[in-house]
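Trainee: pasting a predicted model and its sequence here:
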Amino acid sequence: MNSQPNFNPRAVREGVQIRKELEENPTVDFTASGASSPEPSNAKTRMAGPGGAFAQKLMTEPDFANQVAGWRNMYNQSPQGIEFNAAMMQQQQQKLDLQQQQQNMGAA
């Protein structure tokens, strides 16, 4: 039986490199007092996957944001959107009712 580990050193090096690239690196340095430095660091910013790129585009492109708002409005008027929003409103009402009950119990 071979007791030597069965791994590829190249794969390990590549994994370490990928892990370093994926680590969160802040784009702004912080001072000892907690205040952020006005100078950004040279660290590479990291997007949070496809959702992060979508959110960035949504925040920086007004035309795209308006287009998404139009899609959302059309969805809200569809039968599926109405059903979804009704369920969300019901959940919100249940949360408010529970909070009210907890406040009433605390006041008693």
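Mentor: Happy to help now that I have it. Residues are numbered from 1 along each chain as shown.
Trainee: the lengthiest helix in the chain packs against which elements?
Mentor: Secondary structure of the chain per DSSP state H: the longest helix is helix 79-107. Judged by 3 or more C-beta pairs under 8 Å, 6 or more residues apart in numbering; DSSP states H and E, helix 79-107 is in contact with helix 62-77. Every C-beta, even on glycine, is put in place using the N, C-alpha and C of the backbone.
Trainee: could you check the angle helix 79-107 makes with the helix it packs on?
Mentor: 80 degrees (axes from the mean of the first three to the mean of the last three C-alpha atoms, to 10 degrees).
Trainee: could you measure from residue 67 over to residue 76?
Mentor: As judged by C-beta to C-beta, to the nearest Å, residue 67 and residue 76 stand 15 Å apart.
Trainee: that older thread, how about the longest helix of the chain: buried residues?
Mentor: Buried residues in helix 79-107, counted by 16 or more other C-beta atoms under 10 Å: none are found.
Trainee: ok, residue 85 to residue 100 distance?
Mentor: Distance from residue 85 to residue 100, counting by C-beta to C-beta: 22 Å.
Trainee: likewise for residue 76?
Mentor: With distances taken as C-beta to C-beta, residue 76 is found 27 Å from residue 100.
Trainee: so where's the chain shaky on pLDDT?
Mentor: For the chain, the stretches flagged by pLDDT under 70 are 1-5, 24-50, 107-108.
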